[in-house]
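Student: Next come a sequence and a model predicted from it.
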Amino acid sequence: MHDYQRPPTLYRYAPRAELEAALTLGQFRLVPANNCLTLSFSQAWDKALFEIFSPADCCLVIHNTEEFGERLHRAVQRTLPSWAGIDGAVEYGARAALGAAFTKSSAEAEEREWQFAWRAMAPQMSLNPVTVKIGSIETFAELREPQSYQA
């Protein structure tokens, strides 16, 4: 049982082609970090994040984060059955309660990340990037251009 609340909206800044596949196919690439496979989002709609996550030229905005999170965890469970997943806010400048995968430097705090992470239950599992598909998320997500940003 989770004792935290996902933010109401998640933002992923990336190249448009990657985000079009995310929107229409629900395709996401999990990448290795801190002995986990991770997928990060921001909790902020901020024009500066297009630069920070360069070469981002588009933003995927997810409006139903609960449905998204549950579908993502189910898809990873099917693909990597012997991995355990969790998601939560990244903490900056101090060790996160969720561990190293959720800890970043104070300098990265403006990213305001919400991260999904999976850890192998067996130590010999390889940490190669994995692509999962959760199906179209067009009913609760949209793509936004940097020009549509208004402070």
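Tutor: Sure thing, it's come through.
Student: How many residues are close by residue 40?
Tutor: Residues lying near residue 40 (other CB atoms under 10 Å) number 19. Quick note: C-beta positions are derived from backbone N, CA and C, even for glycine.
Student: Doesn't residue 84 belong to a strand?
Tutor: Yes: judged by DSSP: H, G, I helix; E, B strand; the rest coil, residue 84 forms part of a strand.
Student: How about the contacts made by it?
Tutor: 118-119, 121 (CB atoms under 8 Å, 6 or more residues apart in numbering).
Student: Pull up the gap between residue 20 and residue 119, please.
Tutor: To residue 119, residue 20 is 30 Å away according to CB to CB, to the nearest Å.
Student: Between those two, which has more neighbouring residues?
Tutor: Legend: neighbour count by other CB under 10 Å for residue 20 and residue 119, higher for residue 119 (17 against 14).
Student: Roughly how far does that one sit from residue 88?
Tutor: 13 Å.
Student: Wasn't residue 68 part of a strand?
Tutor: No: assessed with three-state DSSP, residue 68 is helix; it does not lie in a strand.
Student: Grab the nearest non-local neighbour of residue 32.
Tutor: residue 127 (4.0 Å; CB to CB, 6 or more residues apart in numbering).
Student: Contacts only, for that neighbour.
Tutor: 32, 35-37, 120.
Student: And these, which is closest to residue 58?
Tutor: When those are compared for distance to residue 58 (CB to CB), residue 37 wins out at 23.3 Å.
Student: burial count for the closest one?
Tutor: 26.
Student: beta partners for the residue sitting nearest the centre point of the chain?
Tutor: Nearest to the mean C-alpha position of the chain, by CA atoms, centre = their mean, lies residue 40 at 2.8 Å. On the basis of DSSP bridges, residue 40 is bridged to residue 115.
Student: Nice, that's everything, thank you.
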